[in-house]
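*Asks:* Quick one: sequence and predicted model below, then my questions.
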Amino acid sequence: MRRRWKWLLGALAVVLAIAYVIAFLIDEPLRRMTERQMNARMKGYTARIGRLNFHPIGFAVDLHDLVFVQDAHPDPPVLRVPQLTASVQWGALVHRRVVADFQVWAPAIYVDHTHLARELEDPTPVKEHGWQEALQAIYPLKLNELRIRNGSVTYVDTGQIRPLTLRRIEVVVNDVRNVRSAPDVYPSPVRIEATIFDEGRLQIEGQADFLRVPYAGVKGHIALERVALDYFGPIAARYGFTLTAGTFGGKGNVEYAPEVKIVDLEEVRVDGLEADYAYHKRTVEPVKQAAKATAQAATEVSNKPGVLLKARRVSASGATVGFVNEQAAPHYRVFLANTDLVMENFSNQRTEGTATAKLTGRFMGSGATAVKATFRPELTGPDFDLDVRIENTDLKAMNDLLRAHAKVDVVSGVFSVYSELHVKNGRVEGYVKPLFRDLTGYSPGQDEDKSFGQKLKEKAVDVLGKVLKNRPREEVATVIPVSGPLENPKASTWETLIGLVRNAFIKAILPGFERERAIRR
């Protein structure tokens, strides 16, 4: 009996030794064949395999130093994989399915502007480049589970201060072939975690149906934390925006499938935003084009069945945002500091009800600002109410604006403005009421180098303030009614809102100064 076992064990050892010798001998031919098959299935890209090891026990294959390059721009490679292991998923045999398990260690994806430019020039759709077919050529069995360990993604755009980086990427995708699950709606669990830049975090927990046609469906919960905004500065600069600080995060549920598209954001947060928009003729057209594309996209999905875009709560805290008019002479900047904003219940579906927004801040760093807005479901265009209060702004801080639009400045003064605007059925109704207090427009010391005509004009401002003074409250008050059709009733709600605020603001500041011009003439 012992001799029989010895013979059996010896024979098994010999068979294993022969198997490993054969595996060793076929590693290089198998590497060349696999590489050749991968490249035959791809268009515009080439794969290189540094080394391949076949393991007879377990019927596994290890690929080492796997590299994908874009033929048009081969340096640097778009993907490097130090090691990829494909093997039989033995647990699936219980369900009478023979499928594969892929494990990928430390894959590094690198994409820059030249890679994307080439993709845009190539008429072949991205999905037809054959990436999936090339991956399938690595192993004869269908992929059923995928695990990625410590992956990274780097994207470098033209003019970026720093690249967009995702590090420590961990991905687990189970049951791609629906082996253990019935063909339910989303039978395949998906989990993704990653670090964005240095402190940002991305987490995705959900399910997928990879076999759905004409394309896969996914459903899950997404969470973002502390994502730095300054990365987007160069992109924003193309449209006249200067973005220097801030972080954003949020969480919500997403479902994307052939028959339904849902983005339901529970919360979006922006902290410490610092941004300006510079109005200049070189930035006007890109902004118009972007606004037009955005408006068109919003129109296409507005109240569209099967498409829900919803933000339950959007908040910003500690923001400083400004508007710089580079077309005026002199240039001027108006800004809102210490800004807190809360928007609730915004959606593309009118059945979701009324949305609200509340904003507080300091206009020009001094004027206490409170804005409330109510947005009703749109039936025939924009439909909203706006209530604005700006109190006790240091008017001297607005001298550049006054010089640009009224050709005067002030030595001292306090400015407040109150406004209510109602937009419905293509019309706007309401008022703008500015108040000026302690207005002084002439100072021999400040105006020493100015012309006689300019000194006379600013003296007229001083006199005008005294003539129009509201004695009991020591204020100069003007009420400007706002009534009539919208300039563009087909514009989006946000376009309409921004246009009204801009026009009403300018008209609120200038009436007194325009009157003094009339007095002088």
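*Replies:* Everything's here; your move. Because the structure is predicted, anything quoted here is derived from the model rather than measured.
*Asks:* just the strands in the stretch 351-500 of the chain please.
*Replies:* Per DSSP state E, counting those that start in this stretch, the stretch 351-500 of the chain carries strands over the ranges 355-363, 367-375, 384-394, 412-424, 427-440, 469-470, 475-477, 480-485.
*Asks:* weakest of the ones you listed in terms of mean pLDDT?
*Replies:* For the strands of the stretch 351-500 of the chain, the weakest mean pLDDT is recorded on strand 469-470, namely a mean of 42.
*Asks:* hang on, the earlier thing: tell me which of the strands of the stretch 351-500 of the chain lies nearest to residue 144.
*Replies:* Closest approach to residue 144 among those (C-beta to C-beta): strand 355-363, 44.1 Å. Placement of C-beta: from N, CA and C, glycine included.
*Asks:* returning to what we had before: let me have the strands of the stretch 351-500 of the chain in TSV, extended by distance to residue 266 and mean neighbour count.
*Replies:* Output for the strands of the stretch 351-500 of the chain, formatted as TSV (distance: least, C-beta to C-beta, whole Å; neighbours: other C-beta atoms under 10 Å):
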stretch	distance to residue 266	mean neighbour count
strand 355-363	15	19
strand 367-375	19	18
strand 384-394	24	19
strand 412-424	29	19
strand 427-440	33	19
strand 469-470	48	14
strand 475-477	45	19
strand 480-485	37	12
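*Asks:* Need the three-state assignment for residue 139.
*Replies:* Classification of residue 139 by DSSP: H, G, I helix; E, B strand; the rest coil places it in coil.
*Asks:* Please verify my assumption that it contacts residue 86.
*Replies:* Yes: when contacts are counted by C-beta atoms under 8 Å, residue 139 is listed as touching residue 86 (3.8 Å).
*Asks:* which neighbours do these two share?
*Replies:* Jointly contacting residue 139 and residue 86 under the rule C-beta atoms under 8 Å, 6 or more residues apart in numbering are 61, 100, 102.
*Asks:* Which of those fall within strands?
*Replies:* Judged by DSSP state E, strands contain the following of the shared contacts of residue 139 and residue 86: 61, 100, 102.
*Asks:* Can you list phi and psi of residue 409 for me?
*Replies:* The phi/psi pair for residue 409 (degrees, to the nearest 10) reads phi -140, psi 180.
*Asks:* from memory it sits against residue 402, does it?
*Replies:* Yes: at 5.3 Å, residue 409 counts as touching residue 402 under the criterion of C-beta under 8 Å.
*Asks:* can you tell me the average pLDDT over stretch 69-76?
*Replies:* On average, stretch 69-76 scores 86.
*Asks:* same check, this time on stretch 110-118
*Replies:* Mean predicted confidence for stretch 110-118 is 79.
*Asks:* ok, and what's touching it?
*Replies:* Everything outside stretch 110-118 that qualifies as a contact, by C-beta under 8 Å, 6+ apart, is 44, 70, 72-73, 76-80, 153-158.
*Asks:* And the residue nearest the centre of the chain, how far from residue 381?
*Replies:* Central residue of the chain (C-alpha atoms, centre = their mean): residue 232, 8.8 Å from the mean position. Distance, residue 232 to residue 381, by C-beta to C-beta, to the nearest Å: 31 Å.
*Asks:* on that earlier part again, neighbour-wise, which of the shared contacts of residue 139 and residue 86 leads?
*Replies:* The residue in these with the most neighbours, by other C-beta atoms under 10 Å, is residue 100 (24 neighbours).
*Asks:* Leaving out sequence neighbours, find the closest residue to it.
*Replies:* Distances taken as C-beta to C-beta, 6 or more residues apart in numbering place residue 141 nearest to residue 100, at 3.9 Å, with adjacent residues excluded.
*Asks:* what helix or strand does the closest residue in space to residue 192 that isn't next to it in sequence sit in?
*Replies:* Nearest residue to residue 192, sequence neighbours excluded (C-beta to C-beta, 6+ apart): residue 204, at 4.1 Å. Assigned by DSSP states H and E, residue 204 falls within strand 200-209.
*Asks:* Starting from that strand, tell me which strands it pairs with and how they run.
*Replies:* strand 188-196 (antiparallel), strand 217-228 (antiparallel) (DSSP bridges).
*Asks:* what's the offset of it from the middle of its chain?
*Replies:* Distance, stretch centre to chain centre, for strand 200-209: 17 Å (C-alpha atoms, centre = their mean, to the nearest Å).
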